[in-house]
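Participant: with the input below, show me the fold.
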Amino acid sequence: MSDEISDPNELSAIELIQEVLQNFDCLPVLFIGAGLARRYIGAPDWDGTLRAASEVLGSKKPEYQYLLQKYENNRVKIGSHIGAEVFEWAWGDGKDHFPPDLFESSDKNVFLKYIVCEQLKEKENNLESLSDELKEELIALAAIRPHAVITTNFDEMCERILEGYDPIVGDNVLHYNLNAFGEIFHIHGISSDPHSLVLTEPDYENWAEDSKYFAAKLLTYFAEHPVFIFGYAIGDPNVRTVLADIGRLTADETGLINNVIQVVFDEKSEDPKVGEFAIELSGTQYRLATIRTNSLLHMFQALVAQHELTNVNPALVRTLAARVMKLTRKDIPSGDIQVDYGTLERFADDEDELPKLLGLTIVDSENKHHPYTLSMVADQLNLTAWQHADKLIKQIREETEVDLKDSDNRYHCRIKTGKSEKSATRKWSDEAIALLKRVQNGEPYKLNL
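Facilitator: Next comes the predicted model:
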């Protein structure tokens, strides 16, 4: 990993993402907030969640504006108030609405949590009826194949999008091996387990005690991986907490946390805008690079372009990692198995030998040399749409009688994406960007296919 990164304000959004990825020789970690759940499944915000849950009380539901005023906008206290009223309803007229085991729970707020979970499960089905535009975004999001996802969301949207990824919930995070691949860490609970939700005052009191242990555990990810934050507002308390912890370890002398980027969806941002967000902690200011954009698709595609893990089975990787861990920590040291150390040393010293032993093939495909879609090329050229980049390609064809798209070459390649002959995508190289810049600037150029 390089320990230097350019000033974010001097880079385009795509350049910033690519530089962060290239400076860390590992897959990114995604930190996903409620904004993505609202975008793709229509999940409510905190107020919407509490309002919807209180609807089960019918005419007895408290007026929400009254609660906002009474508790001075403290949603945790409001949740506790609604939880107490749902508790009374559950033991009276609403008893038939809940599974019998909930009445044996020591948590009186579990009835509120159950209602919230059931409502979220219904929302998760909205993934089946998305527009083509949103489906394209989710295809690109799934193709990122992140090392892991960390979320404060209760819903299981990420599990549906990222096939083979395994949910790790609440306290289980503390006991989990973070060297594994393909996990979704639900640090505030998950809709499939109402007891796990962090929603009311007692929950947050317990969370305050445990959060420092969660932070210490997850700091491994935030310190050693590129981290991309989606679905949180600038200044969100969850983001501020993460930045405070990671900043102490990874910030440079200027306070820049150079492995974290927060992407904020902004419909008004016609072009991705790179900026910064700063927080102050104990007299020290930490800075975070931010990107405001109205196209999450371009951001997801920029993350996809850097690796070749599209067909990896996360469950297989987890099983393999767990077996290797058991071998190195228990079986070999305890003498339970015989070890050919000469063979092991050969595998350890040769990067190609161990993958062969495990049945893996090193891929050196076109995607590594041609990482850009035409939309990404347009971003690199500071153009507003891919069509403008395509005009430059057509200009080259008119001036040289050479169509770059007619063959796979140092500038362009056509990559099959399905069984149909038409199922393919065109990708472009850094040399293509350099060539198109010369054309764009009216400078002389020479093709070298």
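Participant: counting by contacts, list what the helix or strand residue 206 falls within packs against.
Facilitator: Under the criterion of DSSP states H and E, residue 206 resides in helix 201-224. Helix 201-224 sits against helix 75-90, strand 148-151, helix 237-250, strand 256-265, with contacts defined as 3 or more CB pairs under 8 Å, 6 or more residues apart in numbering; DSSP states H and E. (Each C-beta comes from the backbone N, C-alpha and C, glycine too.)
Participant: okay, those, which one's buried deepest?
Facilitator: Stretch with highest mean neighbour count among the helices and strands packed on helix 201-224: strand 148-151 (a mean of 24; mean count of other CB atoms under 10 Å).
Participant: contacts for whichever helix or strand comes after that one, please.
Facilitator: Going down the chain from strand 148-151, the next helix or strand is helix 157-161, by DSSP H and E. Contacting residues not belonging to helix 157-161 are listed as 32, 36-37, 40-41, 43, 124, 127, 138, 141-142, 149, 151, 165, 167, 184 [CB atoms under 8 Å, 6 or more residues apart in numbering].
Participant: quick one, phi/psi of the closest residue to residue 225 other than its chain neighbours?
Facilitator: Among residues not flanking residue 225 along the chain, residue 29 sits closest, at 4.5 Å (CB to CB, 6 or more residues apart in numbering). Dihedral pair for residue 29: phi -110, psi 140, per degrees, to the nearest 10.
Participant: and if you look at residue 428?
Facilitator: Dihedral angles (degrees, to the nearest 10) for residue 428: phi -130, psi 150.
Participant: what of the one 3 residues further on?
Facilitator: Residue 431 adopts backbone torsions of phi -70, psi -30, taken as degrees, to the nearest 10.
Participant: chain neighbours aside, what residue packs nearest to it?
Facilitator: Excluding its sequence neighbours, the residue lying closest to residue 431 (CB to CB, 6+ apart) is residue 410, at 5.3 Å.
Participant: so where is the stretch 151-300 of the chain shaky, pLDDT-wise?
Facilitator: Low-confidence segments of the stretch 151-300 of the chain (pLDDT under 70): 174-180.
Participant: I figured the residue nearest to residue 225 hits residue 226, correct?
Facilitator: Yes. The pair residue 29 and residue 226 qualifies as a contact (CB atoms under 8 Å) at a distance of 7.3 Å.
Participant: who's more crowded, these two?
Facilitator: Using other CB atoms under 10 Å as the criterion, residue 29 and residue 226 rank with residue 226 on top: 26 against 23.
Participant: how close does that one get to residue 243?
Facilitator: Remark: distance between residue 226 and residue 243 (CB to CB, to the nearest Å) = 15 Å.
Participant: that older thread, could you tell me how many residues sit around the residue nearest to residue 431?
Facilitator: Counted with other CB under 10 Å, residues neighbouring residue 410 total 16.
Participant: one more: residue 218?
Facilitator: The tally of other residues near residue 218 (other CB under 10 Å) stands at 22.
Participant: can you read off the pLDDT for the residue nearest to it when sequence neighbours are not counted?
Facilitator: Excluding its sequence neighbours, the residue lying closest to residue 218 (CB to CB, 6+ apart) is residue 150, at 6.4 Å. What the model reports for residue 150 is a pLDDT of 92.
Participant: what sits against residue 150?
Facilitator: 29-32, 184-185, 187, 218, 221.
Participant: who does it bridge with?
Facilitator: residue 31, residue 185 (DSSP bridges).
Participant: residue 167 touches residue 190, doesn't it?
Facilitator: Yes. Taking CB under 8 Å as the definition, residue 167 is a contact partner of residue 190 at 5.9 Å.
Participant: hey, what's in contact with both of these two?
Facilitator: Common contacts of residue 167 and residue 190 (CB under 8 Å, 6+ apart): residue 156.
Participant: domain ranges for this structure?
Facilitator: Listed domain ranges for the chain are 314-361, 367-440 (source: automatic domain parsing).
Participant: what's the least confident stretch among those?
Facilitator: What stands lowest among those, in mean pLDDT terms, is domain 314-361, with a mean of 61.
Participant: surely residue 49 is in contact with residue 116?
Facilitator: Yes. Residue 49 is within contact range of residue 116, at 5.9 Å (criterion: CB under 8 Å).
Participant: re earlier: so who does the residue nearest to residue 431 touch?
Facilitator: Under the criterion of CB under 8 Å, 6+ apart, the neighbours of residue 410 are 429, 431-432, 448-449.
Participant: one more: residue 190?
Facilitator: Going by CB under 8 Å, 6+ apart, residue 190 touches 154, 156, 167, 169, 196-197.
Participant: and the helices in the stretch 1-150 of the chain?
Facilitator: 13-23, 34-41, 46-54, 64-70, 75-90, 110-124, 132-143 (DSSP state H, counting those that start in this stretch).
Participant: distance check, residue 376 against residue 370.
Facilitator: According to CB to CB, residue 376 and residue 370 sit 11 Å apart.
Participant: intersection of neighbour lists for the two?
Facilitator: When contacts are counted by CB under 8 Å, 6+ apart, residue 376 and residue 370 have residue 428 as shared neighbours.
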